[in-house]
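Asks: fold the following and give me the result.
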Amino acid sequence: MNLKIKLITGFRKDQEYTIDADESHKAYYLFMNPEDRAIFKSGLALTGRDIKAIEPDYHATMGWNPDHKLDSYDYQEIATKNIDAEFRIILNHAKNIAKDNPELVSQPLEIFKELNSPESRKIADKLKI
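Replies: Residues are numbered from 1 along each chain as shown. This is a model prediction of the structure:
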C-alpha cells in the first residue's frame, strides 16, 4: 500500500495537497525551516512558511473519495490493516531525519526502509533505525 500524507497550507479544502509518504521528511524539513523551498515529485512547489500542518491522508492512502466523511468503520479498517501504526512510525522517522540529518532530505524515505544495500544500512545505522 502506498501511504500518502497531506500538506495543509490553509483553511480551505483547496489548500490541502497530497504527496507520497516517501517525501514526508522533505515536508518536515520545510516545516522546520520556513525560509527554504522545495519541489516534490508531483511538481508541487512550496516554501516552508506555507505549510501549516502535516498529517496522514487516509482518503488517498485507502483510495477513498476525498469528500467521503470518515466514520468508525473506516477508522476500524485503518486500524485493522495497521495503517495508523505505519503512519506513526514513518512520520516519526521523517521528522527525525529532517531535524537531525537535513543533508539526507533529497534521498527518498524508502531508502531508509530498504536496509539490504550497504549505503542504506550505513545511513540507517547513523539514524538508529
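
Asks: centroid residue for this protein?
Replies: When CA atoms, centre = their mean is applied to the chain, the residue found nearest the centroid is residue 24 (2.8 Å).

Asks: which non-adjacent residue is nearest residue 102?
Replies: residue 29 (5.7 Å; CB to CB, 6 or more residues apart in numbering). C-betas here are computed from N, CA, C, even on glycine.

Asks: so what does whatever helix or strand the one you found lives in touch, helix or strand wise?
Replies: Per DSSP states H and E: residue 29 is located in helix 24-32. Applying 3 or more CB pairs under 8 Å, 6 or more residues apart in numbering; DSSP states H and E, one finds that helix 24-32 makes contact with strand 4-8, strand 37-39, strand 53-56, helix 83-100.

Asks: so what touches that helix?
Replies: Outside helix 24-32, the residues within contact range by CB atoms under 8 Å, 6 or more residues apart in numbering are 5, 7, 19, 36-38, 40, 46-48, 51, 54, 90-91, 93-95, 97-99, 102, 104-106, 109.

Asks: one more pass at 6 Å, please.
Replies: 5, 7, 36, 38, 48, 51, 54, 94-95, 97-98, 102, 105, 109 (CB atoms under 6 Å, 6 or more residues apart in numbering).

Asks: distance to residue 68, neighbour count and pLDDT for those residues - can I get that in CSV?
Replies: Shown next, in CSV, are these (distance: CB to CB, whole Å; neighbours: other CB atoms under 10 Å; pLDDT from 0 to 100):
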residue, distance to residue 68, neighbour count, pLDDT
5, 18, 24, 96
7, 20, 24, 97
36, 34, 16, 95
38, 30, 17, 94
48, 30, 17, 95
51, 24, 18, 97
54, 21, 19, 97
94, 26, 24, 88
95, 28, 18, 90
97, 32, 24, 86
98, 31, 21, 89
102, 36, 16, 83
105, 33, 20, 82
109, 27, 20, 74
